[in-house]
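Enquirer: Sequence plus predicted model, see below.
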Amino acid sequence: MSISMELSNLRREAVRDYFRFADTQDGRWFDLFTDDAELTFPKFGTVKGKDGLLRFVQKMGMIVRKLEHDIDSLSFVEAGDTMVVEGGESGELADGTRFPDGTVSRGRFCSVYSFEGALIRSLRIYTDPDFASKDSARVEAFK
C-alpha cells in the first residue's frame, strides 16, 4: 500500500472515530485534533485551539442532548490535505424534540476537514443548526 493511500485510510478512520467519539461523548475525540486546531460551526463562529473545541462541545451540549451520525453511509471526497465528508445525523434536543423531522429537516450535513498528517487541523461543519425546524419564519418563506 502506498504512503498516500495509507494516510488517506488513517484520515478516514480519524473522521469515523470523531463521529463515534462525539456520538458517545467519549473524550478521545480531543486527541484527533492538532493543538492549534480550528473549528467553524453555523451560528457559533470559529474557535481555535483545544480550549475552543471544548467550548464548542459545551455549548452544543446545552442544545443537543443526543447526537448520532450514520457512520456507515459517510461519503468522502479528498484533495491533498483536505477531506469533504457528507452524511446523515439524527438526535434529540435538550428539550426532548427528536430530529430530523423528515418534513423540512432531513438530517444531512457536510463537513470539510483539513489535516496535518493524520490529525485534524481544521473542521468546518456545514449543517442547519435549526435541527428541529423551529425557525418557522424561514421555513415558511421557502414553502
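Expert: Sure thing, it's come through.
Enquirer: does the closest residue in space to residue 92 that isn't next to it in sequence sit in a helix or strand, and which one?
Expert: Spatial nearest neighbour of residue 92, chain neighbours left out: residue 66 (4.4 Å); criterion: Cβ to Cβ, 6 or more residues apart in numbering. (C-beta placed from N, C-alpha, C; glycine too.) For residue 66, the host element (DSSP states H and E) is strand 64-69.
Enquirer: Buried residues in the very next helix or strand once past that strand, which are they?
Expert: Using DSSP H and E, the helix or strand that follows strand 64-69 in sequence is strand 75-79. By 16 or more other Cβ atoms under 10 Å, the buried positions in strand 75-79 come out as residue 78.
Enquirer: Spatially nearest residue to residue 62, not counting backbone neighbours?
Expert: Nearest to residue 62 is residue 94, by Cβ to Cβ, 6+ apart, at 6.5 Å.
Enquirer: Grab the most central residue of the chain for me.
Expert: For the chain, residue 125 is the residue whose C-alpha lies nearest the centre (Cα atoms, centre = their mean; 5.4 Å).
Enquirer: From residue 4, how far out is it?
Expert: From residue 125 across to residue 4, the span is 26 Å (Cβ to Cβ, to the nearest Å).
Enquirer: Now do stretch 31-50: everything it contacts.
Expert: With Cβ atoms under 8 Å, 6 or more residues apart in numbering as the test, stretch 31-50 has contacts from 14, 17-18, 21, 30, 52-53, 55-56, 59, 116, 119-129.
Enquirer: I meant stretch 128-143, not that one.
Expert: 41-44, 63-64, 91, 93, 97-101, 103-105.
Enquirer: Take these and, keeping just the buried ones, write it as a ChimeraX select command.
Expert: Only the buried entries of the contacts of stretch 128-143 go into this ChimeraX selection, using 16+ other Cβ under 10 Å:
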select :41,64,91,93,99,100,104,105
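Enquirer: Much appreciated, bye for now.
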